[in-house]
Each structure stands twice: as C-alpha cells, then as structure tokens.
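In: predicted coordinates and the sequence they were generated for:
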Amino acid sequence: MASRRKLDENFHLITRRIPAENINGAELIHAALAREGKNPVGLWVTSPTGKPHIGYLIPLLKFADFLRAGVEIIVVLLDVYSFLDNVKYPMEQVVQRMHYYRFTVEAALEVLGIASSNIKFTTESSYQTNARFFFDQCRLCTLVPQQAVRDAWDRSYNPDMLAPMLCPGLQTLAEEHLDVDFQLGGTDQRGIFAFAERFLPQLGYRNRARLMNPMLPNLYGDKMSSSHPPHTKIMFLDDAETVNQKVRAGYHSNTEVSKNGVLATLRDVLIPFSQLQMERSSSPFLENHPSEERVKGPNDGVGIVAAEPFWTPSAPPGTVFTFGPPGPGEGHDGGHKSRHYTSFDQIMQDLADQKLSDDDIVAAVGNALNQILAPIRVAYQASLAWQAADGQGYPDAS
C-alpha cells in the first residue's frame, strides 16, 4: 500500500486548481487512492455540439495531474446525449461531430504534452446497448420527478420534449456502467452532478466523487460555450491573426478578471500549462498509464509536438510566465527588459502598478495561445479524415 504521504500527494494532484467548494466526495477519492489492486478511475464527458474552444484546455490540463496520480481516465463522447439534447441535428451529423471532437481533443492533449494513448476514449452508445443499462434507465424513470430533471440543467431551460429530459439520467448512469470513482466537469455541471448524487444511490449503486473545474469566460464576459457565436471565443483552428484580434477585442471588453476571457485564459490555462512544463523539467514524471482496451486514435502518427513553456531560458527558478521575448544577450528586446513572474497575482499587481501595460498582456497571451494552437492547425491540415468530419459535422460553418 502506498504511504500516507504518497496518498496525500496524489489527492493534491487530483484536486489542485479545483476550489474546495467544487470538490464533492473527497473521502471517496481518498478511498479510491488507498484501494489495493485497482487504480482510481476518472470520467470526463463531452457533448459534440458546436466546435470546441480553448476553454476545453482547462479540464484537459487536469488529465496530466490525474495521470501523475495514477488515475485511469475515460473520456466519453456523448453521441446519444447530444442527439437527444439537440434534436434539430440528425444522428449522422452528430456522429461526424463526435469524430471532430475526438480529433481535436487528442491533438490538444498532445500539444499539452499528454499522450492521448494513455486515455481511454469511448462513445456513449457503446455501453448503452445492453439490457442492464436499459433496465437501469427504466428504473430511473420511475424515481425521477420531471422537476428534478429541469433543475439539473445549468441554464434557464424548460424542455417541452421528452428527448432532453433523458439526458441527466444518461450521464448519471455512465458513472456506474463505466465503474468510475469520480467525474470531472465544469461548474455548469453542478445541477447534473446533484442529480447523480441524489438518484444513483436510490438505484442501489455507490455514490461517486465529483469535481468541478472553473469555466473560462468568453471574450465578452459570459461563459465560453461551444454553442455561442465564434466571435465570443477562441477556437482551436483559428488562425494566428484571428487569435490576436480576438485577444485584443476581448481584453478591452471587461476589466473584471472573472469576466475577462483574456486574463482568465492567462490565469487558468497558460500559467497552469507553464507550471506543468516547469514541473516536468525539474522532476520528470511518467504519464504512461495506458488504459485497457486502447483503440488506435485518429491522430496516432500525426507527430504533434508539445508546446514550449512560456519563460525564457534565463528566467529565475520558479518562473511560470515571462513577458517580453529575449533580444540580444537574452535580457532585452527593443530596449524593454523581460519581466519574469512566478504567479498570476504578481502579474496583476504589476499591471495595477503600471509596470506592465495592457499591450504587454495582449501580446503575450496572443503569442502564447498561438504557440499552443499552431501544431493543432498543422495537424488539421495534414488529416483528410479530420477535415471530412469537419465538413460533414459542420456543413454550414463559414
């Protein structure tokens, strides 16, 4: 059995950057870590609606922490759920969107330095076709009032059709039928997680722990969402000029950090990724926890290289972000000295003290995002299958 210190370290990895109020069932995670003979199993689900955006990098970065803690990760592509929740799209189109999502997620993982071969991808429909699942769904329908389903949605949503009313139950049953120990989701999953906590034990099944990562605000203050217009978010395949334009427009749209998509991206995506790279460089760890039943992924063999960290070679120890690329002598660029930071709070303090300018923030975030997105754009251009899924899944996209 692992030592208490090791168990505590792994628990910290699983839960770091997750606010304490967004951790439900901490004792269940501790128990899964201490269990003999079986690694903890974590679940992340994604519904292939509109095209994914950089907000997905927040949960994907957590995968590195999970793998380091010995967690086996299952990613479920919600084909049935998406079809039921978005009834205007035929199932054939939903399936193509599902392929597009998997291409995108796998490429993003590789850029983050996380081997997608260590993640088990599965489609929702693959485990829903057995008699036990169907009977569990029927049992759930006998337990759940209609209002409980409406309360599970994260938005002002009062469905008048049966199809979307089934979705919270489908996601709840996934936890049991995939035999997971915890599920990761955004704060928009709070209602569905509460639904699962209420009804899964009523079916006679054990409860699971649930973690909610922060949600990236869009470029104009609301939640960044796949269903919102493209100008409100930065997409994985946006070209470099578009990224820079969106960053500049988004930065000046709102001064409050929690509603400023650019500052939130710096805090919740770029600095955590840079910190991950710093930890790798100072104490390399293995992320080779191959899941069982691994199926060859659509991006296997593309050769995506992980992005570089966002600090200069001359940066002091502990630096997670450097403003100002090095010039001659690696200390100045056009007369401006590079500034090194070990935390987001330091950046915000220098911004308030006018030691950093708005232009510094805009340029640095735009450059860093393009460093992450460039290999994904290249992978897309090299993959005819990815492009075909794009065309068939999103035929009306400009």
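Out: Received it, and whenever you're ready, just let me know what you need.
In: okay, CA-based contacts and neighbour counts for the rest of this
Out: Fine.
In: what about stretch 217-237, distance to the chain center?
Out: How far stretch 217-237 lies from its chain's middle: 14 Å, per Cα atoms, centre = their mean, to the nearest Å.
In: now do the buried residues in stretch 9-29.
Out: Neighbour-count burial for stretch 9-29, counted by 16 or more other Cα atoms under 10 Å, picks out 10-11, 13-15, 22-26, 28-29.
In: can you check stretch 345-355 too?
Out: Residues Ile347 are the ones in stretch 345-355 that count as buried (16+ other Cα under 10 Å).
In: what residues does that stretch touch?
Out: With Cα atoms under 8 Å, 6 or more residues apart in numbering as the contact definition, stretch 345-355 has outside contacts at 341, 356-358.
In: what do you get for stretch 216-227?
Out: With Cα under 8 Å, 6+ apart as the contact definition, stretch 216-227 has outside contacts at 49-53, 55, 58, 215, 231-233, 246-247, 249-251, 253-254, 258-262, 264-265, 268.
In: how distant is the longest helix out of those in the chain from the center of its chain?
Out: Ordering each helix of the chain by length in residues (DSSP state H) puts helix 358-382 first. Averaging C-alpha positions (Cα atoms, centre = their mean) puts helix 358-382 17 Å from its chain's average.
In: please apply the same query to stretch 116-132.
Out: In terms of Cα atoms, centre = their mean, the centre of stretch 116-132 is set 19 Å apart from its chain centre.
In: end-to-end on that stretch?
Out: The first residue of stretch 116-132 is 30 Å away from its last residue (Cα to Cα, to the nearest Å).
In: same question, stretch 73-89
Out: 29 Å.
In: now swap in stretch 118-134 and tell me
Out: Between the opening and closing residues of stretch 118-134 we find a distance of 30 Å, counting by Cα to Cα.
In: picking that back up, pull the most distant pair out of the buried residues of stretch 9-29.
Out: The distance between the two most remote of the buried residues of stretch 9-29 (Cα to Cα) is 17.7 Å, for Asn10 and Asn22.
In: okay, now Gly204: neighbour count?
Out: The local packing count at Gly204 equals 8, with neighbours defined by other Cα atoms under 10 Å.
In: if we can go back for a sec, quick check: buried residues in the helix or strand following the longest helix of the chain?
Out: Under the assignment DSSP states H and E, the closest C-terminal helix or strand after helix 358-382 is helix 384-393. Counting neighbours by 16+ other Cα under 10 Å, one finds that the buried residues in helix 384-393 are 386, 389-393.
In: ok, those residues vs Arg139, which is closest?
Out: Taking Cα to Cα as the measure, Arg139 lies nearest Gly393 of these, at 33.9 Å.
In: what's the local residue count around Phe195?
Out: Phe195: 21 neighbours (other Cα under 10 Å).
In: residues in contact with it?
Out: 148-149, 152, 168, 172.
In: circling back: and the longest helix of the chain, what does it pack onto?
Out: Secondary-structure packing of helix 358-382 (3 or more Cα pairs under 8 Å, 6 or more residues apart in numbering; DSSP states H and E): helix 91-111, helix 240-251, helix 261-265, strand 321-323, helix 384-393.
In: that helix to helix 91-111, inter-axis angle?
Out: Here helix 358-382 runs at 120 degrees with respect to helix 91-111, directions being taken by axes from the mean of the first three to the mean of the last three Cα atoms, to 10 degrees.
In: dump the helices and strands packed on helix 358-382 to TSV, plus mean pLDDT and distance to Ala364.
Out: As requested, those are arranged in TSV below (pLDDT from 0 to 100; distance: least, Cα to Cα, whole Å):
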stretch	mean pLDDT	distance to Ala364
helix 91-111	97	18
helix 240-251	94	10
helix 261-265	93	10
strand 321-323	93	6
helix 384-393	97	30
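In: out of these, deepest packed?
Out: Comparing the helices and strands packed on helix 358-382 by mean neighbour count (mean count of other Cα atoms under 10 Å), helix 261-265 comes out on top with a mean of 27.
In: now the strands for this protein?
Out: If you assign secondary structure with DSSP state E, the strands in the chain sit at 23-24, 41-46, 72-77, 119-123, 182-186, 209-213, 321-323, 332-333, 336-337, 339-341.
In: so for Ala307, which of those sits nearest?
Out: Evaluated over the strands of the chain, closeness to Ala307 peaks at strand 321-323, with 13.8 Å, by Cα to Cα.
In: listing partners with orientation, what would you give for the closest one?
Out: Each strand pairing with strand 321-323, determined using DSSP bridges, is listed with its direction: strand 339-341 (antiparallel).
In: and the furthest pair within the contacts of Phe195?
Out: Taking Cα to Cα as the measure, these reach their widest spread between Ala148 and Thr172, a distance of 13.0 Å.
In: out of these two, which sits in the busier spot?
Out: Neighbours per residue, other Cα under 10 Å: of Ala148 and Thr172, the larger number sits with Thr172, 23 against 17.
In: where does this protein dip in pLDDT?
Out: Residue ranges of the chain with pLDDT under 70: 1, 154-158, 221, 283-303, 325-336, 398.
In: so which residue is smack in the middle of it?
Out: In the chain, the residue lying closest to the centroid (Cα atoms, centre = their mean) is Pro59, at 2.6 Å.
In: need the nearest residue in space to it, chain neighbours excluded.
Out: Among residues not flanking Pro59 along the chain, Asn213 sits closest, at 6.7 Å (Cα to Cα, 6 or more residues apart in numbering).
In: quick one: that neighbour from Pro201, how far?
Out: 24 Å.
In: got the contact list for stretch 82-99?
Out: Contacting residues not belonging to stretch 82-99 are listed as 47-49, 77-79, 163-164, 166-167, 386, 389-390, 392-394 [Cα under 8 Å, 6+ apart].
In: may I ask which two of those are separated the most?
Out: The widest separation within these (Cα to Cα) is 30.1 Å, between Leu166 and Trp386.
In: returning to that earlier point: bridged to the residue nearest to Pro59, which residues?
Out: For Asn213, the beta-bridge assignment (DSSP bridges) gives partners Gly186.
In: now do the same contact list for it.
Out: 17-19, 22, 58-59, 184-187.
In: possible to save these as a markdown table with distance to Lys120?
Out: Shown next, in a markdown table, are the contacts of Asn213 (distance: Cα to Cα, whole Å):
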| residue | distance to Lys120 |
| --- | --- |
| Arg17 | 23 |
| Ile18 | 23 |
| Pro19 | 26 |
| Asn22 | 25 |
| Ile58 | 19 |
| Pro59 | 15 |
| Leu184 | 15 |
| Gly185 | 17 |
| Gly186 | 20 |
| Thr187 | 23 |
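In: no further questions, thank you.
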